[in-house]
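> Coordinates for the following, if possible.
(one chain, ligands or ions: 2)
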Amino acid sequence: MTQRITSADVIITSPGRNYVTLKIVTSDGVVGWGDATVNGRELAVASYLADHVVPLLIGREADRIEDTWQFLYRSAYWRRGPVTMAAIGAVDLALWDIKGKSLGVPVYQLLGGAVRDRILTYTHTTGRDIAELKESVAEKLEAGFRAIRVQSGVPGLNRVYGVNDRGGAYEPAQRSAVAPEEDWDSDLYLKTAPAMLEEIRAHVGPDIKLLHDVHHRLTPIQAARLGKAIEHVGLFWLEDVTPGENQEILHLVRQHTTVPLAIGEVFNTIWDVKDFILTQSIDFIRTCVMHAGGLSHVRKIFDLGDLYGIQGAPHGPSDVSPITMAASMQLGLAQRNFGIQEYMGYPDLAKDVFTTSYTFADGYFTLGDAPGLGVDFDEEAAKKYPYEAAYLPYARRLDGTVADW
Ligand code: KDG
Ligand code: MG
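Ligands and ions are numbered 1, 2, ... in the order given. So this is what the prediction gives:
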């Protein structure tokens, strides 16, 4: 019997940070959960969903996931963009959750079944200086991680991306009515970043995978210089070296260095990343399984990458909810060219609202056999944590110019 969507509700909650969750219920009483969190712009997606998407969903056949995706994408007329694509992504994740639960299987079974047993993951480390970064690295190694993103302070700059200026873990969004300001100077960064990476490599030895995120800061030729200077460090990847809206840019970097390049977390469709892939300028494509239109769309992006030996490595910061994280892992188990899953971790309070079935051991995540995505959302607990405005930082250069953040 055809099951139809009978209700869809958007829930905004803030257990330690803001999350936007979509709950879809079917005529069979099956509940599907989707994540629609766009860090610092949460209410825009909530409105797009509640005001413009939910009314279109009621009465639709819940099993028609691809048809619903095509309908929401093409009937909007206005294409692409983070708000639209996150909203479509939330619906897509909820519908995959429903299909899995209806059939009593985890979503990876519907994507072709497992092609691996466990999912390699990396986490974040940070320090205001190298000594503090080493402590952070030691902590994560102790916790079992074997792939680690390293970010450190830049001498001469007060606040930089990836580093908490008060020490401790870094969470970019700040609960405040204004966007916090960070500092940037590419020359100061380029002067110290290679030595920092060398020292961490010497500290962890050859077997730990090291990653580093430049967060869209450099010009192509600066990025090429950095790549050349750190080839001997043996990074797993160097991420977002340039802003990347001009996709051809990375081809120039590529011609100068063999450091593996990763990019894509801020892009939302296959059209936004296809040139990176078709020109074979990258090694890892980082589109997020929610921000880029859900599992239905991201697996097409990863399939395109597979033609060129490019691996999928979905975005997984604390600002996508455990629903997105679980969906990423479902894809990770079934997608041949899945490379690694980012796992930044979650605020403790988030565990009060989200219950997950994935488990971590020895640097890898394993998925259980829970049907659907394998995540539960506690609506009563969510009510305890009302939305609080929070903004991502932005950066200024030493002369006051707004820089890429
Ligand atoms: O909301 C912005 C964060 O998701 C981003 O800064 C994290 O770059 C990031 C990463 O690689 O996780
Ligand atoms: Mg990044």
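> Can you tell me which residues in this structure are near ligand 1?
39, 172, 213, 215, 265, 315, 317, 319, 342, 392 (C-beta under 6 Å from any ligand atom). Placement of C-beta: from N, CA and C, glycine included.
> ok, so of these, who is nearest residue 232?
If you rank those by distance to residue 232 using C-beta to C-beta, residue 213 comes first, at 19.7 Å.
> Can you name the residues that contact whichever residue of the stretch 201-350 of the chain sits closest to ligand 1?
Going by C-beta to the nearest ligand atom, ligand 1 is nearest to residue 317 of the stretch 201-350 of the chain, at 3.6 Å. With contact taken as C-beta atoms under 8 Å, 6 or more residues apart in numbering, residue 317 is in contact with 39, 342, 344.
> For the longest helix belonging to the chain, enumerate the helices and strands it packs against.
Longest helix in the chain, counting residues (DSSP state H): helix 82-103. Applying 3 or more C-beta pairs under 8 Å, 6 or more residues apart in numbering; DSSP states H and E, we find helix 82-103 packed against strand 19-26, strand 31-35, helix 42-47, helix 65-75, helix 107-110, helix 295-306, helix 322-334.
> The residues of the chain next to ligand 1: which two are farthest apart?
342 and 392 (17.1 Å).
> which of those two has more neighbours?
residue 342 (25 against 15; other C-beta atoms under 10 Å).
> quick revisit: nearest to residue 288 among the residues of the chain next to ligand 1?
Nearest to residue 288 among the residues of the chain next to ligand 1: residue 315, at 3.8 Å, using C-beta to C-beta.
> quick one: the closest one is in a helix?
No: assessed with DSSP: H, G, I helix; E, B strand; the rest coil, residue 315 is coil; it does not lie in a helix.
> what's near enough to touch it?
Neighbours of residue 315 in contact, by C-beta under 8 Å, 6+ apart: 264, 265, 286, 287, 288, 291, 342.
> Check the spacing between it and residue 264 real quick.
8 Å (C-beta to C-beta, to the nearest Å).
> which neighbours do those two share?
In contact with both residue 315 and residue 264: 286, 287, using C-beta under 8 Å, 6+ apart.
> Show me the chain divided up by domain.
5-106, 110-369 (automatic domain parsing).
> Surely residue 392 touches residue 172?
Yes: under the criterion of C-beta atoms under 8 Å, residue 392 makes contact with residue 172 at 5.4 Å.
> Residues in contact with both of those two, list them for me.
residue 39.
> Show me what residue of the stretch 1-150 of the chain gets nearest to ligand 1.
residue 39 (3.5 Å).
> What about that residue, how many residues nearby?
19.
> related to what we said a few turns ago, need the contacts of residue 317 in TSV with pLDDT, can you?
Formatted as TSV, these follow (pLDDT from 0 to 100):
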residue	pLDDT
39	98
342	98
344	97
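> Using TSV, lay out the residues you listed together with secondary structure and distance to residue 109.
As requested, the contacts of residue 317 are exported to TSV (DSSP: H, G, I helix; E, B strand; the rest coil; distance: C-beta to C-beta, whole Å):
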residue	secondary structure	distance to residue 109
39	coil	31
342	strand	24
344	coil	27
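> which non-adjacent residue is nearest the residue of the stretch 1-150 of the chain closest to ligand 1?
residue 319 (3.8 Å; C-beta to C-beta, 6 or more residues apart in numbering).
> That neighbour falls within a strand, correct?
No: read with three-state DSSP, residue 319 is coil and lies in no strand.
> Let me see the contact set for it.
Here residue 319 is in contact with 17, 37, 39, 172, 173 (C-beta under 8 Å, 6+ apart).
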